[in-house]
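Participant: This is a predicted model, with the sequence first.
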Amino acid sequence: MEYIDVIDEKTGQPTGDVQSKTDIHKKGYWHRTIHVWFLNSRRQLLLQHRSASLKNYPGLWCGSANGHIDQGEDAETAALREIKEELGIDLQRDKLKKLFELVSQSVLNNGTYFDNEYNNVYLVRIDLDVKKINFSDEVQDLRWIPVEEFKRWVEEEKSDLVPHPNEYKLLFEYLEKL
């Protein structure tokens, strides 16, 4: 079973309480997560098509790798672990570029799943052939998409895209500077 540090809503700091992943979402405890975006040299983002069996945002498209920061774990370690678990890729810590931290709240699954998170968002600059990625059963598919096309998806509020508009806005602001 996965255990997660409960954090203070206002400060984002651990409270000393630890809960199971199930209880984190059932009771709405604040917690930390990571979102990782892969960007290749052709200015494309790697999107993940989430498995239809997942409890949050099943069957929707999102960033390259995402997940919870486990009890006692730091954000970079969690990012590297999630990349390995979801995409089967071993990366070195220096490949991660932290872009920003973002607070988000959502209620899903008819009010039974609470997602109160501090999201640590990272960028990895990497060129990969998606056909050679051995992704986990949490992932249905992967696809490279040009940044400009992804911007259109966000602007159109595509229904098959995880609704993280604030994250996308900050991501695009960062990518415009590259």
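Facilitator: Received the coordinates, thanks.
Participant: in this protein, which spans are helices?
Facilitator: 21-27, 75-87, 147-155, 165-176 (DSSP state H).
Participant: of all those helices, which lies closest to T33?
Facilitator: helix 75-87 (8.0 Å; Cβ to Cβ). In short, each C-beta sits where N, CA and C put it, glycine included.
Participant: winner for burial among the helices of the chain?
Facilitator: helix 75-87 (a mean of 20; mean count of other Cβ atoms under 10 Å).
Participant: so what secondary structure elements neighbour that one?
Facilitator: Packing partners of helix 75-87 (3 or more Cβ pairs under 8 Å, 6 or more residues apart in numbering; DSSP states H and E): strand 30-39, strand 65-68, strand 96-108, strand 113-125, strand 139-146.
Participant: Turn those strands into JSON lines, columns for mean pLDDT, mean neighbour count and distance to S53.
Facilitator: Shown next, in JSON lines, are the helices and strands packed on helix 75-87 (pLDDT from 0 to 100; neighbours: other Cβ atoms under 10 Å; distance: least, Cβ to Cβ, whole Å):
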{"stretch": "strand 30-39", "mean pLDDT": "98", "mean neighbour count": "24", "distance to S53": "19"}
{"stretch": "strand 65-68", "mean pLDDT": "97", "mean neighbour count": "23", "distance to S53": "15"}
{"stretch": "strand 96-108", "mean pLDDT": "97", "mean neighbour count": "15", "distance to S53": "15"}
{"stretch": "strand 113-125", "mean pLDDT": "97", "mean neighbour count": "20", "distance to S53": "14"}
{"stretch": "strand 139-146", "mean pLDDT": "98", "mean neighbour count": "16", "distance to S53": "9"}
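Participant: Just put the ones you listed in JSON lines and tack on distance to E2.
Facilitator: Listed next are the helices and strands packed on helix 75-87 as JSON lines, based on distance: least, Cβ to Cβ, whole Å:
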{"stretch": "strand 30-39", "distance to E2": "11"}
{"stretch": "strand 65-68", "distance to E2": "7"}
{"stretch": "strand 96-108", "distance to E2": "18"}
{"stretch": "strand 113-125", "distance to E2": "15"}
{"stretch": "strand 139-146", "distance to E2": "18"}
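Participant: looking at it, L175 is touching Q44, isn't it?
Facilitator: No: assessed by Cβ atoms under 8 Å, L175 is found out of contact with Q44, at 11.0 Å.
Participant: what residues do these two have in common as contacts?
Facilitator: V147 (Cβ atoms under 8 Å, 6 or more residues apart in numbering).
Participant: need the helices of the chain in a markdown table with distance to V36 and mean pLDDT, can you?
Facilitator: Below are the helices of the chain laid out as a markdown table (distance: least, Cβ to Cβ, whole Å; pLDDT from 0 to 100):
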| stretch | distance to V36 | mean pLDDT |
| --- | --- | --- |
| helix 21-27 | 19 | 97 |
| helix 75-87 | 5 | 98 |
| helix 147-155 | 15 | 97 |
| helix 165-176 | 11 | 98 |
